[in-house]
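Engineer: got a predicted structure here, sequence first:
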Amino acid sequence: MASVKRKKTPAETETDVLLKSVRRCTMCFHLSGDLTEKHGQIAHLDQDRSNFDEDNLAFMCLVQHTLFDSRTSQHKNYTMKEVKAARSRLHEAILQNKHLAPPADIVLNQRIVTDQRFFEQRRQLAETATIKKIFSKPRWQISICPTEFMEARFQDLSHCEHFIEHNAPRSRRFADCPCVNRNAIERDPNGEWIAGEVDHAPDPPWSNLERWVLFRSGLFLHNRALVEHERLGNNLHHLEVIRLVTQVFQLAARMARDGVLSPEGVIRIQLHNVAGRGLLVPDVSGSFWAQEKEITVERIVTPPELEARDGRDIALAVAVDIYRRFRWNDPPMEKLAEEQPH
């Protein structure tokens, strides 16, 4: 049977869509205010590839376009009405030249730098034997932070403990992130933070080396060594990425629900010392590895965005961003969504 050749979007219509969006992704702007230029495609909102009416088209990055076209019970697809509303907001932002502002990551850093107290809190933390051990290894470094500093988003340390004990994500297939032992929580003598750390190999025999800190200001820091196992060799398993990132956004969503991340929150996920480290993707042909020593992905999000589906949709997009830094450019979105912890 002869294949049916897909018709291309008329050049004039394509040009209009690209000019109005300035190659900014409709859904990245909608979900996280991201106005940076993207590699992307023109999506057909009604899924009819022959409908080239401009009202039926929107520019999306490769990740969001894949999410939009996917059909899975694990992911509530974006609706046409939602995307059109997002597109209108994007076009309005373009008309106001907001895309000419500094890139989102620079603005994001400036918003935090405007109040040095978050950095002062980080600098005051002493290096424990466990954190020194973590820093010597390839590791995750995670931070969740409000965009505005307040000394007591948690009333006291007991409030911090109650929150982390009842809201830390639980996983039956992967080590909890963060791992919380209520009988071994450390309290800051000055009453500013609580912390926990783990240095052991639980059953099943994967390593679990981590330290987390939760400040009354709402700043959460988590350093965690990459999972080590003889079967992994010098590789990071792709399931560690999707499961850990999802847990991070689940925790952020619960912080937002309790009013800790207001008016917005910044989630930063970093991988350190990973240059040359492979990404293990069983049953997928190809060789994937990190070319950079450090990988950073960050999002600035509002509480409603985080609370929608417990942050799972944003977590999936962030995990895909990380995979692309390992040169795995076409991960199966539906399968990854099924692997996200609930």
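Structural biologist: Thanks, I have the structure now.
Engineer: what about the stretch 201-342 of the chain, any weak spots by pLDDT?
Structural biologist: Applying pLDDT under 70 to the stretch 201-342 of the chain picks out residues 201-207.
Engineer: how is the protein carved up into domains?
Structural biologist: Per the record, the chain has its domains at 11-101, 106-339, by automatic domain parsing.
Engineer: just put those domains in a markdown table and tack on mean neighbour count.
Structural biologist: Backbone N, C-alpha and C define where each C-beta goes, glycine included. Output for the domains of the chain, formatted as a markdown table (neighbours: other CB atoms under 10 Å):
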| stretch | mean neighbour count |
| --- | --- |
| domain 11-101 | 17 |
| domain 106-339 | 18 |
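Engineer: distance of the residue nearest to residue 20 when sequence neighbours are not counted from residue 256?
Structural biologist: Spatially, and ignoring its direct neighbours in sequence, residue 20 is nearest to residue 91 (5.4 Å; CB to CB, 6 or more residues apart in numbering). Computed as CB to CB, to the nearest Å, the residue 91 to residue 256 distance reads 28 Å.
Engineer: next SSE downstream of the strand or helix carrying residue 27?
Structural biologist: In this assignment (DSSP states H and E), residue 27 forms part of helix 26-32. Next along the chain after helix 26-32, taking DSSP H and E as the criterion, comes strand 40-44.
Engineer: name the helices or strands packed onto that next one?
Structural biologist: Packing partners of strand 40-44 (3 or more CB pairs under 8 Å, 6 or more residues apart in numbering; DSSP states H and E): helix 11-21, strand 57-61, helix 62-69.
Engineer: and that strand, what's its mean pLDDT?
Structural biologist: Strand 40-44 shows a mean pLDDT of 90.
Engineer: from here on, count from 2
Structural biologist: Yes, from this point I'll number from 2; that puts the last item at strand 41-45.
Engineer: parallel or antiparallel, list what pairs with it.
Structural biologist: Sheet partners assigned to strand 41-45 using DSSP bridges are listed as strand 58-62 (antiparallel).
Engineer: distance from the chain centre to stretch 125-136, please.
Structural biologist: In terms of CA atoms, centre = their mean, to the nearest Å, the centre of stretch 125-136 is found 25 Å from the chain centre.
Engineer: got the CA positions of it in PDB?
Structural biologist: Extracted in PDB, the C-alpha atoms of stretch 125-136 (Å, rounded to 0.1, in the frame of the first residue of the first chain):
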ATOM      1  CA  GLN A 125      25.600  28.800  57.300                       C
ATOM      2  CA  LEU A 126      25.100  25.100  56.900                       C
ATOM      3  CA  ALA A 127      28.100  23.100  58.200                       C
ATOM      4  CA  GLU A 128      29.500  20.200  56.100                       C
ATOM      5  CA  THR A 129      28.800  16.900  57.700                       C
ATOM      6  CA  ALA A 130      30.800  13.700  57.000                       C
ATOM      7  CA  THR A 131      27.800  12.500  54.900                       C
ATOM      8  CA  ILE A 132      27.600  15.600  52.800                       C
ATOM      9  CA  LYS A 133      31.400  15.500  52.100                       C
ATOM     10  CA  LYS A 134      31.000  11.900  51.000                       C
ATOM     11  CA  ILE A 135      28.100  12.900  48.700                       C
ATOM     12  CA  PHE A 136      30.100  15.800  47.200                       C
END
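Engineer: which residues touch that stretch?
Structural biologist: Stretch 125-136 is contacted by residues 193-194, 198-200, 210-212, 214, 222, 224-226 when judged by CB atoms under 8 Å, 6 or more residues apart in numbering.
Engineer: same question for it, mean pLDDT?
Structural biologist: 91.
Engineer: tell me who's in contact with residue 79.
Structural biologist: Neighbouring residues of residue 79 by CB under 8 Å, 6+ apart: 28, 68, 69.
Engineer: now do the same contact list for the nearest residue to residue 249 once chain neighbours are set aside.
Structural biologist: The spatial neighbour of residue 249 that comes closest, neighbours along the chain excluded (CB to CB, 6+ apart), is residue 143 at 5.6 Å. Counting by CB under 8 Å, 6+ apart, residue 143 touches 221, 222, 223, 224, 225, 249, 268, 269, 270, 271.
Engineer: now with 10 Å?
Structural biologist: 178-179, 211, 213, 221-225, 245-246, 248-249, 252-253, 268-271 (CB atoms under 10 Å, 6 or more residues apart in numbering).
Engineer: residue 62 touches residue 318, doesn't it?
Structural biologist: Yes: the pair residue 62 / residue 318 is scored as a contact, 8.9 Å apart, by CB atoms under 10 Å.
Engineer: need the residues touching each of these two.
Structural biologist: 28, 29, 68.
Engineer: please identify which of those is nearest to residue 97.
Structural biologist: Within the shared contacts of residue 62 and residue 318, distances to residue 97 taken as CB to CB reach their minimum at residue 29, with 17.4 Å.
Engineer: surely that closest one touches residue 59?
Structural biologist: No: the criterion here is CB under 10 Å, and residue 29 misses it with residue 59 at 11.6 Å.
Engineer: overlap in contacts, these two.
Structural biologist: Counting by CB under 10 Å, 6+ apart, the shared contacts of residue 29 and residue 59 are 41, 65, 87, 91.
Engineer: need these in a markdown table (columns: distance to residue 137).
Structural biologist: Shown next, in a markdown table, are these (distance: CB to CB, whole Å):
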| residue | distance to residue 137 |
| --- | --- |
| 41 | 39 |
| 65 | 37 |
| 87 | 44 |
| 91 | 44 |
